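Chemist: Sequence and predicted structure below; questions after.
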Amino acid sequence: MHPTLDHIQITVRDIDAVLPFYDAMLALLGFDTSRRSYAELDEFDMRVAEYPHPAFSFAISSPRSAFAGEGIHRRRPGAVHHIAFRAGSRAEVDRVHRGLVEFGAEIVGGPKLWPQHGDGYYAVFFKDPDGIKYEIVHAPPME
């Protein structure tokens, strides 16, 4: 099997509050945000916004009502530590970084070389309004 992602779905605290962030972020990554769909799934106690892309779909969903007051922490068991998107070049990492800064994303590191992750590993790390961590990376291909 060739390990290829089909879709990613992340639960956020307040879907309405973070939609502008995800619209802006995913547009920088090449998603056509005009194709975003939105659904309220009462039988699952969930609202979801999905961003389709030929490579894979990305979605954000509301928490179950019973968990609505809980915080997000990437080091909890079962949590996503961070999600990294591969860029085609360092210049692309820099372009996305500029866009992130323009719409006020919280930059937590870079863009710069991160030698602890390997030779030529160039990345920027940032967080969404809930503190979910993301990365844009350009690195030499794995052999």
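Modeler: That came in fine, so what should we check first?
Chemist: Residue 106 touches residue 127, doesn't it?
Modeler: Yes. Assessed by C-beta atoms under 8 Å, residue 106 is found in contact with residue 127 at 4.5 Å. The C-beta positions use only the backbone N, C-alpha and C, and glycine is treated the same way.
Chemist: Look at these two and report which has more neighbours.
Modeler: Shown here are residue 106 and residue 127; by other C-beta atoms under 10 Å, residue 127 has more neighbours (16 against 13).
Chemist: And that one, how close does it get to residue 32?
Modeler: 24 Å (C-beta to C-beta, to the nearest Å).
Chemist: Repeat that for residue 15.
Modeler: 20 Å.
Chemist: Which one of the two is surrounded by more residues?
Modeler: Shown here are residue 15 and residue 32; by other C-beta under 10 Å, residue 15 has more neighbours (18 against 12).
Chemist: Excluding chain neighbours, give the residue nearest to the more buried one in space.
Modeler: Nearest residue to residue 15 in three dimensions, chain neighbours excluded: residue 62, at 4.7 Å (C-beta to C-beta, 6 or more residues apart in numbering).
Chemist: repeat for residue 53
Modeler: Nearest to residue 53 is residue 31, by C-beta to C-beta, 6+ apart, at 5.0 Å.
Chemist: And the residue nearest to residue 15, how close does it get to residue 77?
Modeler: When residue 62 is compared with residue 77 (using C-beta to C-beta), they lie 21 Å apart.
Chemist: For the spatially most central residue of the chain, give me its contacts.
Modeler: Nearest residue to the geometric centre of the chain (C-alpha atoms, centre = their mean): residue 134, 5.2 Å. Counting by C-beta atoms under 8 Å, 6 or more residues apart in numbering, residue 134 touches 25, 82, 83, 84, 85, 125, 126, 127, 128.
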